[in-house]
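**Q** Coordinates for the following, if possible.
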Amino acid sequence: MFVATLVASNALGQGDIDEAADRLGDAGCNPDVWTVTAPDKAADLFFTQDPAAARAALATLPNHIDVIVQPVAGREKKLIVADMDSTMITIECIDELADYAGIKAQIADVTERAMRGELDFAEALNARVALLAGLDEAMIDRCRTERVRIMPGAKALVRTMAARGAHSVLVSGGFTRFADPVGKEIGFARVVANVLDIADGALAGTVQTPIVDSARKQHELETAMAEHGIAQPLTLAVGDGANDIPMLAAAGLGVAYHAKEKARAAADAEIRYGDLSVLLHAQGIPMDQWVRE
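**A** Residues are numbered from 1 along each chain as shown. Sure, this is the predicted structure:
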């Protein structure tokens, strides 16, 4: 048995549910029953055949509806591994830090190309960090305070999963000076990120090795599975860029969040319209059981 979870960014109507059920039927998915799980917001449609066909059939539903298709068994996850920049927070930290050095446009272009998978991640990271050499270390904390905002739904997602016994890892190609406080604020059990080298109170223009790259993200997922005895189907990964692809592919449910095209194509599901709370609906967790911020 499979389930297609519909989550509306505005209002979910009966007409939307009926259209989704009709599309499942036309695609040969053998739809069964449906259940409204949150009035005007979310519904589950159950079916028995061909989840790939279901994803394709429901990908273009109108009215800004996100759809997560997955097996019913194991839909509530016991491990979440997440990217940070533009996933758990609303910004790319290195771009905002570059703004304090007066070179945001120059660095943001490289960031965008790296996230689209057009550049080698490690080379792009080293090149961008080198441009920040000499920036006052105090600008890191100032940038975090003034610019970093937690993504809507992030705290509810991680804290609710933790309250239900799940483990959580924030793994970022960004920097510990941002990731450590962000991870603590959201409620992650473990945080992994790159370490900026500091010399005489200023950025040295380098990061410590080994760099946290796409391979490290996948490694952290697989290590957490082994250490906590969590089966692959019970794992969730969420990210937005090309360097998240191995992690998304290795998870039981890999979700592209407002993502670049390559990440969208590689993921099992995507969130295009809503916030991270979509992933609580997708796990079948009732809203009255969510841990609120």
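**Q** mind listing the strands for this structure?
**A** Taking DSSP state E to define them, one finds strands in the chain at 2-8, 31-38, 42-47, 65-71, 79-82, 167-175, 190-194, 196-199, 202-207, 235-239, 253-257, 269-271.
**Q** Let me have these in JSON lines, adding mean neighbour count as columns.
**A** Heads up, the C-betas are built off the backbone N, CA and C, glycines and all. Formatted as JSON lines, these follow (neighbours: other CB atoms under 10 Å):
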{"stretch": "strand 2-8", "mean neighbour count": "24"}
{"stretch": "strand 31-38", "mean neighbour count": "15"}
{"stretch": "strand 42-47", "mean neighbour count": "22"}
{"stretch": "strand 65-71", "mean neighbour count": "22"}
{"stretch": "strand 79-82", "mean neighbour count": "28"}
{"stretch": "strand 167-175", "mean neighbour count": "25"}
{"stretch": "strand 190-194", "mean neighbour count": "21"}
{"stretch": "strand 196-199", "mean neighbour count": "15"}
{"stretch": "strand 202-207", "mean neighbour count": "18"}
{"stretch": "strand 235-239", "mean neighbour count": "30"}
{"stretch": "strand 253-257", "mean neighbour count": "27"}
{"stretch": "strand 269-271", "mean neighbour count": "24"}
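**Q** Out of those, flag the one nearest L119.
**A** strand 167-175 (12.4 Å; CB to CB).
**Q** ok, that closest one: who's next to it in the sheet?
**A** When pairing is defined by DSSP bridges, strand 167-175 lines up against strand 79-82 (parallel), strand 190-194 (parallel).
**Q** for the last one, what is the average pLDDT?
**A** When pLDDT is averaged over strand 190-194, the result is 98.
**Q** tilt between that strand and strand 202-207?
**A** With axes from the mean of the first three to the mean of the last three CA atoms, to 10 degrees defining the directions, strand 190-194 sits at 90 degrees from strand 202-207.
**Q** Would you mind listing the outside residues contacting strand 190-194?
**A** For strand 190-194, the surrounding residues in contact (CB atoms under 8 Å, 6 or more residues apart in numbering) are 84, 125, 167-176, 178-180, 182-184, 207-208, 211-212, 216, 220, 224.
**Q** and it, how far out from the chain's middle?
**A** Distance of strand 190-194 from the chain centroid (CA atoms, centre = their mean, to the nearest Å) equals 15 Å.
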